[in-house]
Structure formats: C-alpha cells, structure tokens
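# below are the sequence and a predicted model for it; my questions follow.
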Amino acid sequence: MRKINIFDTTLRDGEQSAGVNLNLHEKLEIARQLERLGVDIIEAGFPAASKGDFQAVKQIAETIKGCSVTGLSRSVQSDIDAAWEALKGGAEPRLHLFIATSPIHMAHKLRMTPEQVIEAAVSAVKYAKRYFPIVQWSAEDACRSELPFLAEIISKVIEAGASVINIPDTVGYITPKEYGEIFTFLKNNVQNIEKVSLSAHCHDDLGMAVANSLAAIEHGATQIEGTINGIGERAGNAALEEIAVALYIRKDYYNATTRLNLQEIKRTSNLVSKLTGMVIPANKAVVGKNAFAHESGIHQDGVLKEKTTYEIISPELVGVQSNSMVLGKHSGRHALRNRVEELGYTLSEEEINKLFVRFKELADKKKDITDDDLVALIFEEKFDHFKEFYQLSSIQVQYGTNQIPTAVVVLTDGQGNEIQEAATGSGSVEALYNTLERCFQTDVTLLDYRIESVSGGRDALAQVFVKVRANEIETSGRGTAQDVLEASAKAYINAVNRVFMIEKMREENQKVAIR
Ligand SMILES: [Zn+2]
C-alpha cells in the first residue's frame, strides 16, 4: 500500500480560525497529542509573524521528537532566518515556503510580474536550502493559477532544491475531478517531478475539502495537509481524521495508508475542540456525538442483529469509549497521577499537587469524579491560569423574582492589588458581567455565551464558554465550577485575560497579515 504523509496544520491554519487564540501551554499540549496521534509533520506556526508565534514554534520544535516540525515563511530572507532560529532545535527541521502564483494574487496582492515571482521563489528556496535539510514549497492559490505557469515555476523551485511541492486550494474553489487533473498535468509536464513528493492542502468553502484531498491521493499526492476537526480560516481546512478513516475503511479502493494511530482520534478531537472553543457539530463525520448513534427503529433492529448492517465504522476504531467512573473521595495522589497520564496529559509535579487539592475539594461535593470532570480540572489548572492578569477572589450575586439582580465581585490583578466593584443588571449573569466590566475598566462586548454540564447528574460541574470582543480583539474563554454563576464569572475573566495577553504580545510585535 502507498504511504501517505499527514501534515497537520491545526496550530497554524487552524489557529487562524476567527476567535481562536491559543496560548503557549495550549499549543504545546496539542502538539504532544498530535505526536501521539502519529502525524508525520506538525506545522507549529508562522515564526516571523510575532514574538509569541516564534516562541511557540521554537518550544514545540524543541519538545517534539517523534515527528518533523515545520513553520510557514514568506519568500523573504528575514522570514527564513526567523524560521531557522525557531526550528533548528527540532528533530527534522523543515521549512514551508510560499508565494502566490495565480494571476489575481500576483497582480493585486504581490504587485509582481510572473517573472519576478519565479525569481523570488527560486532565490528563497536556494537561501532556505543553506539551512534546512527539507524545504517544502507552496504555490498559494495554485488552483486558480495558469497550469503552464504553475508547471514552469514548480520545475524551477525543484531545481533550486525544494523536495515537497504543495498545491493548495487556498480559496476552496476546486472540484475533486479538476483537482486530480492538476496533479496529473504536473506529473506529465514537470520534468523533474519524480524527485519530489506532491502535497494537497484544501479548504472547505464548498464543502469539498476532504473529497478534494482524497482525489489528490488518487492522482499521485503522497502528503495531505489538514487540521483536526477541520478547523481553519473561513469554512476551515480538510478534516484529517475524516481522511485517515476514509483511507482505512476504504483501503480496498484507495490502497493507501497513514501512520496515524486511529484510536487517538477522539481524544485529539476533544482536546482541540476544548482548547480552541470550537464546538464539534453532533452530526460531524467520525467524531460527532451522533456519528455512531442509530436512531430509527429499523436501523436499531438491524444493528442489534448484526452491527455491520448499518455501521461501517466501529466507535472503538477511533477511540470512542463510554465515560467510565474512575476516581472518588478515597483515591490518592498516585491514582490521580496515573489517570492523568492515561488521559494523555503532561503535568509537572507542582501542577499535579495543585490538581490534587482541587480534586479533593470536588470529591467532597461530588460522589463520582469522571474522566470529563478530571479533564475540566486539568484545563483550569494548566491552561486557564493567567497569573500576570486578573484572578477571581470572590463573587456574591443576589437574585429574586421581584428584585433587581445585584453582584459584588472581588478580583486581584497581576500585581496582587484587590479590586472590588458592585453593579446591577436585568439578570444574574448580566449583573455579574456588568460588575466585572467595571473591574477591568474596559468596554467588553459579549458575543456568545454557552453553558453545559461536564457530566451527568445534578451535582455535575458547570462549564461556561464565552466569546467576547474588547479593545478590537475577539477571543473566547472558558470557566468551570460547581456553581453556574461562578463558572460564568471565570469564563468571562478568562476571555478578557486572553485579550490582555494578545495585546501584550501585539505591543511586542505587530502581527502581519497572513494567508
Ligand atoms: Zn490554508
């Protein structure tokens, strides 16, 4: 069977989803899980974009040794230099260079002639080859480029040293048949094409990203780029879990395989969804909540008699397990640590100790601590702490049917100063958020508010997700507590802290606009 390399860009293209801003700890955790999943290449970010991006790419490259780590770079020397500084400590440093090749992008965005674009691409590849053993070259907006020009520039960048050629459908415009034909055209019209591997990168604007990627495999692509859960710019990228499972289930047809450990799919999908705040639709293929639920009587009857009557993918294949009760009041530190490791999280000694305290507090109030509860606590301990910004000390909310809801909040800021405010609102949450807004002394617009229970039962933890806009930055936040109002307050503080964090990073370095 042909081996297909999986190039994951959840941390680069995926992180470009509107409202998604991951911090360093969150990016590292996703990278570790991607390594466990078995992707071949992790695109960790765009090192020249900002100091924060640079640091994240550098840390990921230095941490991840089980796969290659790459970073995106425009075809300019300063970008390549920054990428090398960030990636040189990695196990197999590779660079992802790009330049636009469509008439519309060359004329309006780059304001360069086709000859100038070829020259810039070739000299960037040559320059990158001084440092990087592997250089991947992408023709941005390849699918709206003129094919003879595409063949010409690809032939020249291969001559200059590129070893992977990526054909992105940047705007999600192509159809499977046409996309396959581009690969066939290039194989027939670029003389030195057999020296390189061909890669597909599809966007889902017309809902065809996965189908296009599979068409590329049929026509000679040996690398597929995409993201977990298909998150990404606009309608998102090709969903890697869907491609991997399609190749597995239909190996009779595709005769191709990946290195992915399919049983890690569900865990990876959950982690990415929780950390990015991007909900997985219930009907989403492979990882949706309903993907394995049989509802109609006829279907249920069939599945009971013989599973394969209506089930082509078994839930176990992708690591779906029923939520098991694991820990309780009498569980010790050792049991907790083991379970955390089994769940795939990496915590320091200090973090385990803090988690244990929180775990004991929860176990006093709640009988069974499920995996989901534990994950919620881990998130709070590991990712939602912003010591340098605001932290909740206490809240008090008054509500009655014939009263005006009132909230009193005490926060501490990064310097340890206490801030106390009170305000009213037309409901408890509004009173709370009005009060918090006073504490921050910043206008905050609440764009979305969602509440869900972490597991079943009346004593379940509440988890609140919010999306806010403040200081022209849109970001999400989450908070967990046994009480819904406390969870609401934590989510709001978490989101606003992220705004301050992004502002701080922006001050350090203006983020450049990227594709
Ligand atoms: Zn893209």
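Yep, that arrived.
# correct me, but Cys378 touches Thr346?
No Cys there; residue 378 is Ile. No - contact status for Ile378 versus Thr346: not in contact, 10.1 Å apart, counting by C-beta atoms under 8 Å. All C-beta spots, glycine's among them, are computed from the backbone N, C-alpha and C.
# any common contacting residues for the two?
Common neighbours of Ile378 and Thr346, counting by C-beta atoms under 8 Å, 6 or more residues apart in numbering, are absent.
# what are the contacting residues of the helix or strand hosting His105?
Assigned by DSSP states H and E, His105 belongs to helix 103-105. Residues from elsewhere that reach helix 103-105 (C-beta under 8 Å, 6+ apart): Glu140, Asp141, Arg144, Ser145, Glu146.
# quick one, what contacts the residue in the chain sticking out farthest from the centre?
Distance from the C-alpha centroid of the chain, by C-alpha atoms, centre = their mean, peaks at Asn402 (45.2 Å). Residues in contact with Asn402 (C-beta under 8 Å, 6+ apart): none are found.
# buried ones in the host helix or strand of Val464?
Per DSSP H and E: Val464 is located in strand 462-470. Judged by neighbour count using 16 or more other C-beta atoms under 10 Å, the buried positions of strand 462-470 are Ala462, Gln463, Val464, Phe465, Val466, Lys467, Val468, Arg469, Ala470.
# of Ile378 and Thr346, who's got more company?
The residue with more neighbours, out of Ile378 and Thr346, is Ile378; 21 against 13, by other C-beta atoms under 10 Å.
# does the more buried one count as helix, strand or coil?
Under DSSP: H, G, I helix; E, B strand; the rest coil, the three-state class of Ile378 is helix.
# now it, nearest residue through space, not along the chain?
Tyr345 (5.4 Å; C-beta to C-beta, 6 or more residues apart in numbering).
# I'd say the one you found and Ile30 touch.
No - applying C-beta under 8 Å as the test, Tyr345 and Ile30 come out as separate, 11.6 Å apart.
# out of the two, which sits in the busier spot?
Taking other C-beta under 10 Å, Tyr345 and Ile30 do not tie; Ile30 has more neighbours (25 against 20).
# looks to me like the more buried one is in a helix.
Yes - assessed by three-state DSSP, Ile30 belongs to a helix.
# now for it: which residues touch it?
The contact partners of Ile30, by C-beta under 8 Å, 6+ apart, come to Thr10, Leu11, Leu22, Leu271, Val272, Leu275.
# please, where are all the strands along the stretch 1-150 of the chain?
Counting by DSSP state E, counting those that start in this stretch, the stretch 1-150 of the chain has strands at residues 2-3, 5-8, 41-43, 68-74, 94-100, 134-140.
# just tell me which of the ones you listed ends up closest to Pro176.
Nearest of the strands of the stretch 1-150 of the chain to Pro176, taken as C-beta to C-beta: strand 2-3 at 18.2 Å.
# nearest spatial neighbour of Glu146, skipping sequence neighbours?
Going by C-beta to C-beta, 6+ apart, Glu146 has Pro103 as its nearest residue, at 6.8 Å.
# equivalent analysis for Asp205, please.
Counting by C-beta to C-beta, 6+ apart, Asp205 lies nearest to Gly172, which is 2.9 Å off, once chain neighbours are set aside.
# grab the nearest non-local neighbour of Leu275.
Using C-beta to C-beta, 6+ apart, the closest residue to Leu275 is Glu26 (4.7 Å).
# so Thr184 makes contact with Gly220?
Yes - using C-beta under 8 Å, Thr184 is in contact with Gly220, at 7.3 Å.
# looking at these two, which is more packed in?
For Thr184 versus Gly220, neighbours defined as other C-beta under 10 Å are more numerous around Gly220 (16 against 12).
# low-confidence ranges in the protein?
Applying pLDDT under 70 to the chain picks out residues 322-325, 509-515.
# now the longest helix seen in it and strand 462-470, what's the angle there?
Longest helix in the chain, counting residues (DSSP state H): helix 484-508. Interaxial angle of helix 484-508 relative to strand 462-470 (axes from the mean of the first three to the mean of the last three C-alpha atoms, to 10 degrees): 40 degrees.
# ok now do Met106, which residues does it touch?
Neighbours of Met106 in contact, by C-beta under 8 Å, 6+ apart: Ala100, Met112, Thr113, Pro114, Val117.
# what distance do you get for the closest residue to the first one other than its chain neighbours to Asn189?
Computed as C-beta to C-beta, 6+ apart, the closest residue to Ala100 that is not its neighbour in sequence is Glu140, at 4.1 Å. Using C-beta to C-beta, to the nearest Å, we find Glu140 at a distance of 20 Å from Asn189.
# please apply the same query to Gly38.
In this view, Gly38 and Asn189 are 34 Å apart by C-beta to C-beta.
# ok, and the closest non-adjacent residue to the residue nearest the centre of the chain?
Against the mean C-alpha coordinate of the chain, by C-alpha atoms, centre = their mean, the closest residue is Thr10 at 4.0 Å. Counting by C-beta to C-beta, 6+ apart, Thr227 is the residue found nearest to Thr10 once chain neighbours are left out, at 4.3 Å.
# next up, the contacts around that neighbour.
Counting by C-beta under 8 Å, 6+ apart, Thr227 touches Asp8, Thr9, Thr10, Asp13, Gly14, Gly236, Asn237, Ala238, Ala239, Leu240, Val272.
# what values do phi and psi take at it?
Backbone geometry at Thr227, expressed as degrees, to the nearest 10, gives phi -130, psi 160.
# if I look at it, how far off is Ile369?
32 Å.
# next one: Ala235
Taken as C-beta to C-beta, the span from Ala235 to Ile369 is 38 Å.
# and the two? which has more neighbours close in?
Ile369 (23 against 13).
# identify the bridge partners of that one.
Counting by DSSP bridges, Ile369 forms beta bridges with Leu327.
# that one is in contact with Leu327, isn't it?
Yes - if you go by C-beta under 8 Å, Ile369 and Leu327 touch, sitting 4.4 Å apart.
# quick one: the helices in the stretch 151-300 of the chain?
176-189, 209-218, 240-249, 251-254, 265-276, 297-305 (DSSP state H, counting those that start in this stretch).
# hmm, back to that, okay, the buried residues of strand 462-470 in JSON lines with distance to Ala291 next?
Formatted as JSON lines, the buried residues of strand 462-470 follow (distance: C-beta to C-beta, whole Å):
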{"residue": "Ala462", "distance to Ala291": "26"}
{"residue": "Gln463", "distance to Ala291": "22"}
{"residue": "Val464", "distance to Ala291": "26"}
{"residue": "Phe465", "distance to Ala291": "22"}
{"residue": "Val466", "distance to Ala291": "27"}
{"residue": "Lys467", "distance to Ala291": "26"}
{"residue": "Val468", "distance to Ala291": "31"}
{"residue": "Arg469", "distance to Ala291": "33"}
{"residue": "Ala470", "distance to Ala291": "36"}
